[in-house]
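**Student:** What follows is a protein structure lacking sequence information:
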């Protein structure tokens, strides 16, 4: 929701990043205020996922220019774990499987680590069990998932639900959902979206990275940004997503080139 | 890079002649067996890195030191060693520096016969020295030359032993050499879980040279958990030979944690049709430790099944060795075998040599094997860090998880828990 007098959570200015020496992000500008839902769309290879991972602090992405300020702090001075504790959360497109570690153990460890860093109370295993089961209901997850190894043998939909469960536990200020809709059937998409909508509050913000408009029927964005070749080339409201669904991405690029020529 | 240090021929002589040997036994067969072993020692030499089976494992270090057998055991009381006890194990035999400690013995009456070998020797003499490769294995031969006692476990026909049997070998003295010996006979249709456990009271240099022989009769099931948690300065060389009869199933998990240099040879002979085995291993070593596991699964008859997962977690400047031989004899058709060797290096100086070795002489078989050596995946570490965990916590958790895959199936909860804690503690002290 777009709110009057809301605080700026994230301020990205001229962000450039390379992977193995190849420039992928070529000057991104984006402002996200609390309460808002932003969708970042664009064709494959436009740099959407790179943008998401660079915000979370993935070491493979070297920041070569620009600034990112998150709640007044220079994000690039924070290690990935410090960003997480400060309230940045990335839901992975391909969550990692960790054989040998029970999901309950992993969830409690991350929850308590973040709680402690935020000066809040940690939960013992029994308290945590009650707490996490309540959150799992939101995502219609079977409690059996607590006893299984982290993401091991989970279906695509189960992995994505487990990501949103972590979002529910860690209570981030900025949640970046990287292609959370990929690999979901229609029921799973509905459940995951309901979970995300439930977690969207006045004091946090959500950045959805997606290729398809489908997700945006369920999680309605305040802004839709189109990325191409490492830049945001168009920004609109939720209706832009529908237009993209209908007309594809090519016209945006063509329009952008025309505008750039006129400006020159 | 294989620098070969010649080993003085006198080393073996000194072990034999310089040391008090066991007193002449009233059992003629035992004297004969020992005499044969002594004679064999005269012919054999200590292996060097020139020997193919020892090319990665240089054992010249212990041969330069002197070790002596212990005749008078320290009289330990339960309070000294209770911390090594395993809650679930109602039956326990304890050996202190290789000498049977009757005061620490505990036995449940669930149908199994557990005793020290000296007490039950005669009746089962036929098995001693019959399973282990005796002629050319100098350490097994030495063990036999000094054979005076050991652990004897007999599981009678069709008896399932409900609680695990704990064979506890405690080292207490510096410069001592001990020759632990176990004989486990699982009669037809029986089932048992046996824990073979090597521990130390002090951080001293000593030498353990162990031999275990296990025979499974038709349809017998044995779950063998082996934990080597010797002192970090100890030398541990062990040979285990298993033979599995028709439709028998041998399952083992071997965990290597201690010893400056350790070598474990496990040979499983699937001697009849439909024999099965699952032998898993975990070596968790660091500093300057060398941990060597040599295994051989010999599929001698058709319809055999074998599974093997061997993992090494190597930190510091430690060196892990795995040699896993799978033999499928002519005629052993429909053998189904899989072997996986996975290795995690935690430091730049850590080193692993892994060698799967398949020798297949039958044409209708399924044999899969694979080996991986690597460091922790950047993506996995990043995933955990993105959830707020520090770099060190993330790496510890992933290292722990790597080891837990081998430990988790151990069917003794308190031991499993203790090993998990050990893995956790040891991974935490890695740089």
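**Tutor:** All right, it came through fine. Just so you know, these numbers come straight off a predicted model, no measurement behind them.
**Student:** And the strands in chain A?
**Tutor:** Counting by DSSP state E, one finds strands in chain A at the ranges A:8-19, A:22-33, A:37-41, A:61-70, A:73-74, A:88-91, A:98-102, A:149-150, A:174-178, A:205-209, A:223-228, A:231-236.
**Student:** Let me know which of those strands is the nearest to chain B.
**Tutor:** Proximity to chain B, assessed across those by C-beta to the nearest C-beta, is greatest for strand A:98-102 (3.4 Å). For the C-beta atoms, the positions are set from N, CA and C on the backbone; glycine is no exception.
**Student:** What residues of the closest one count as buried?
**Tutor:** Of all the residues in strand A:98-102, those buried under the rule 16 or more other C-beta atoms under 10 Å in any protein chain shown are A:98, A:100, A:101, A:102.
**Student:** residues making contact with it?
**Tutor:** A:106, A:146-152, B:380, B:397-398, B:400-405, B:408 (C-beta atoms under 8 Å, 6 or more residues apart in numbering or on different chains).
**Student:** returning to that earlier point: how about the strands of chain A in CSV, adding mean pLDDT?
**Tutor:** As requested, the strands of chain A are exported to CSV (pLDDT from 0 to 100):
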stretch, mean pLDDT
strand A:8-19, 96
strand A:22-33, 96
strand A:37-41, 97
strand A:61-70, 96
strand A:73-74, 96
strand A:88-91, 97
strand A:98-102, 87
strand A:149-150, 93
strand A:174-178, 97
strand A:205-209, 97
strand A:223-228, 96
strand A:231-236, 95
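**Student:** Can you lay out those strands as TSV showing distance to residue B:54?
**Tutor:** Shown next, in TSV, are the strands of chain A (distance: least, C-beta to C-beta, whole Å):
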stretch	distance to residue B:54
strand A:8-19	47
strand A:22-33	49
strand A:37-41	60
strand A:61-70	47
strand A:73-74	57
strand A:88-91	50
strand A:98-102	32
strand A:149-150	38
strand A:174-178	51
strand A:205-209	56
strand A:223-228	60
strand A:231-236	62
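**Student:** Residue B:170 against residue B:208, yeah?
**Tutor:** No: between residue B:170 and residue B:208 no contact is recorded; they are 10.6 Å apart, counting by C-beta atoms under 8 Å.
**Student:** quick one, which of these two is more surrounded?
**Tutor:** Between residue B:170 and residue B:208, residue B:208 has the larger neighbour count (other C-beta atoms under 10 Å in any protein chain shown), namely 27 against 23.
**Student:** what is the nearest residue to that one once chain neighbours are set aside paired to in the beta sheet?
**Tutor:** Residue nearest to residue B:208 in three dimensions, not counting chain neighbours: residue B:236, with 4.7 Å by C-beta to C-beta, 6 or more residues apart in numbering or on different chains. Each beta-bridge partner of residue B:236 is listed here: residue B:208, residue B:262, as defined by DSSP bridges.
**Student:** which residues touch residue B:236?
**Tutor:** Contacts for residue B:236 were tallied using C-beta under 8 Å, 6+ apart; they are B:198, B:207, B:208, B:210, B:228, B:230, B:258, B:259, B:261, B:262, B:263, B:264.
**Student:** Now do the contacts for residue A:243.
**Tutor:** Applying C-beta under 8 Å, 6+ apart as the definition, the contact partners of residue A:243 turn out to be residue A:236.
**Student:** Pull up the gap between it and residue A:231, please.
**Tutor:** Distance, residue A:243 to residue A:231, using C-beta to C-beta, to the nearest Å: 19 Å.
**Student:** likewise residue B:301?
**Tutor:** Separation of residue B:301 from residue A:231 (C-beta to C-beta) stands at 69 Å.
**Student:** Comparing those two, which residue is more hemmed in?
**Tutor:** Set side by side, residue B:301 and residue A:231 show unequal neighbour counts under other C-beta under 10 Å, the larger going to residue B:301 at 21 against 18.
**Student:** residues in contact with residue B:412?
**Tutor:** B:86, B:88, B:89, B:164, B:193, B:195, B:225.
**Student:** In the chain, where is pLDDT below threshold?
**Tutor:** No chain in the question, so chain A it is. Scanning chain A for pLDDT under 70 picks out the ranges A:264.
**Student:** ah, I was thinking of chain B
**Tutor:** By pLDDT under 70, the low-scoring segments of chain B are B:1-21, B:71, B:109-110, B:120-125, B:133-134, B:428-431.
**Student:** Quick one: which of the contacts of residue B:412 is the most crowded by neighbours?
**Tutor:** The residue in those with the most neighbours, by other C-beta under 10 Å, is residue B:225 (25 neighbours).
**Student:** in terms of contact, does that one touch residue B:195 like I think?
**Tutor:** Yes: at 4.6 Å, residue B:225 counts as touching residue B:195 under the criterion of C-beta under 8 Å.
**Student:** Quick one: name the residues of chain A near chain B.
**Tutor:** By the criterion of C-beta under 8 Å from any C-beta of the partner chain, the positions of chain A lying close to chain B are A:56-60, A:79-81, A:83-85, A:89-90, A:92, A:95-96, A:98-101, A:106, A:109-110, A:113-114, A:117, A:149, A:166, A:170.
**Student:** cutoff 7 Å now
**Tutor:** A:56, A:58-59, A:80-81, A:84-85, A:90, A:92, A:96, A:98-101, A:109-110, A:113-114, A:117, A:166, A:170 (C-beta under 7 Å from any C-beta of the partner chain).
**Student:** buried subset of those?
**Tutor:** A:56, A:58, A:80-81, A:84-85, A:90, A:92, A:96, A:98, A:100-101, A:109-110, A:113-114, A:166, A:170.
**Student:** Okay, and which of those map to helices?
**Tutor:** Of the positions in these, A:56, A:80, A:81, A:84, A:85, A:109, A:110, A:113, A:114, A:166, A:170 sit in helices, assigned by DSSP state H.
**Student:** And the residues you listed, which two are furthest apart?
**Tutor:** Pairwise distances across those (C-beta to C-beta) peak at 18.5 Å, for the pair A:56 and A:109.
**Student:** Same list (the buried residues of strand A:98-102) but as CSV, adding distance to residue A:258.
**Tutor:** As requested, the buried residues of strand A:98-102 are exported to CSV (distance: C-beta to C-beta, whole Å):
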residue, distance to residue A:258
A:98, 49
A:100, 56
A:101, 53
A:102, 56
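**Student:** who's in contact with whichever residue of the stretch 151-264 of chain A sits closest to chain B?
**Tutor:** Scanning the stretch 151-264 of chain A for proximity to chain B using C-beta to the nearest C-beta identifies residue A:166 as nearest, at 6.4 Å. Taking C-beta atoms under 7 Å, 6 or more residues apart in numbering or on different chains as the definition of contact, the neighbours of residue A:166 are A:107, A:110, B:387.
**Student:** ok, now residue A:24?
**Tutor:** Counting by C-beta under 7 Å, 6+ apart, residue A:24 has contacts A:17, A:18, A:47, A:50, A:230.
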